[in-house]
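**Q** what follows is a predicted protein model with its sequence.
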Amino acid sequence: MEHYNDIIQTLTLAMGASWASGINLYATLFILGFSALNGAFVLPEGLEILANPLVISAAGLMYCVEFFADKVPGVDTSWDVLHTFIRIPAGALLAAGAVGDMGLAAELAAAIIGGGIASATHVTKAGSRVLINTSPEPFSNWGASVGEDIMVFAGLWTALNHPVYFLILFIVFILIIIWLLPKIWRGIKRVFGFVMRLFGKEEKSLHVKDNFEEK
């Protein structure tokens, strides 16, 4: 029974860390490191470095930067684009580190799955922000950002304290992402199509004006 619980906890930590890193990597690193440093739980050997005070401080500092950057329309999308190259590899590394004690094959498999999970959550977050930013008021953007922060904190707390419940919620979340991603993609295409048509009309209008002035 104890061996079964260890497997569940390891699986939950790997999935939870990769899932959360796709949404807010720095909050994930801070929560895991700070919780382990204060004895809330024991990190596996592959992730023990997260409990180093220097790592916790760096993660906390970057979380503060992201907290404000993520709430400014336009800046949040640029931040998400940049972090495509950070969140996804980090999610893979966190998942691999969580199962490092189980052997190289398990570590590689966890990295592949963790990278996929981080990709799914990152794309969902970034894509939904593109659509939200079409709204002229900033409150929906702030609400989405705060909601994401709360979701990361609550999700990791559940993963660390109630792993079985987290796995159930995780499956539901993945199903929602599968249903939501095509809709987000269609919405993004409509937004970019509208922008391209808008710029096309402006360019045509300027061209007509130039011809008129030449005459």
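**A** It's in.
**Q** now I188: closest residue in space, sequence neighbours ignored.
**A** V130 (5.4 Å; Cβ to Cβ, 6 or more residues apart in numbering). C-beta: built from backbone N, CA, C; applies to glycine.
**Q** pretty sure that neighbour sits against K189.
**A** No - assessed by Cβ atoms under 8 Å, V130 is found out of contact with K189, at 10.5 Å.
**Q** looking at the two, which has the bigger crowd around it?
**A** The residue with more neighbours, out of V130 and K189, is V130; 17 against 10, by other Cβ atoms under 10 Å.
**Q** now do the buried residues in the helix or strand hosting the more buried one.
**A** Assigning secondary structure by DSSP states H and E places V130 in helix 104-132. Buried positions in helix 104-132, judged by neighbour count with 16 or more other Cβ atoms under 10 Å: 106-107, 109-111, 113-132.
**Q** run through the neighbouring helices and strands of that helix.
**A** helix 2-37, helix 75-98, helix 139-161, helix 163-214 (3 or more Cβ pairs under 8 Å, 6 or more residues apart in numbering; DSSP states H and E).
**Q** that helix: how far from the chain's middle?
**A** 7 Å (Cα atoms, centre = their mean, to the nearest Å).
**Q** quick check: which ranges of this structure have low pLDDT?
**A** Within the chain, the ranges that satisfy pLDDT under 70 run 1-4, 191-215.
**Q** swap the cut-off to 80 and go again
**A** Under the criterion pLDDT under 80, the flagged ranges of the chain are 1-6, 100-101, 133-139, 187-215.
**Q** turn the helices and strands packed on helix 104-132 into CSV, columns for distance to L54.
**A** Formatted as CSV, the entries for the helices and strands packed on helix 104-132 read as follows, by distance: least, Cβ to Cβ, whole Å:
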stretch, distance to L54
helix 2-37, 10
helix 75-98, 17
helix 139-161, 21
helix 163-214, 29
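**Q** so which of the ones you listed comes closest to A58?
**A** When these are compared by Cβ to Cβ, helix 2-37 sits nearest A58, at 8.2 Å.
**Q** the next helix or strand after the closest one versus helix 2-37: what angle between them?
**A** Downstream of helix 2-37, the next assigned helix or strand under DSSP H and E is helix 53-69. Orientation of helix 53-69 against helix 2-37 (axes from the mean of the first three to the mean of the last three Cα atoms, to 10 degrees) gives an angle of 80 degrees.
**Q** touching, L131 and I188? I think so.
**A** Yes - look at L131 against I188 with Cβ under 8 Å: they come within range, at 6.8 Å.
**Q** ok now stretch 44-51, how far from the chain's centre?
**A** Centroid separation for stretch 44-51 versus its chain: 21 Å, with Cα atoms, centre = their mean.
**Q** start at 33, not 1
**A** Yes, from this point I'll number from 33; that puts the last item at stretch 76-83.
**Q** who touches it?
**A** 42, 45, 49, 61, 64-65, 68-69, 75, 87-88, 91, 126, 128-133, 139 (Cβ atoms under 8 Å, 6 or more residues apart in numbering).
**Q** give me the buried entries from these.
**A** Buried among these by 16+ other Cβ under 10 Å: 42, 45, 49, 61, 64-65, 68, 75, 87-88, 91, 126, 128-132, 139.
**Q** what is the burial count for the nearest residue to M94 once chain neighbours are set aside?
**A** In space, and not counting its chain neighbours, M94 is closest to Y58: 4.1 Å by Cβ to Cβ, 6+ apart. Around Y58 there are 23 other residues, counting by other Cβ under 10 Å.
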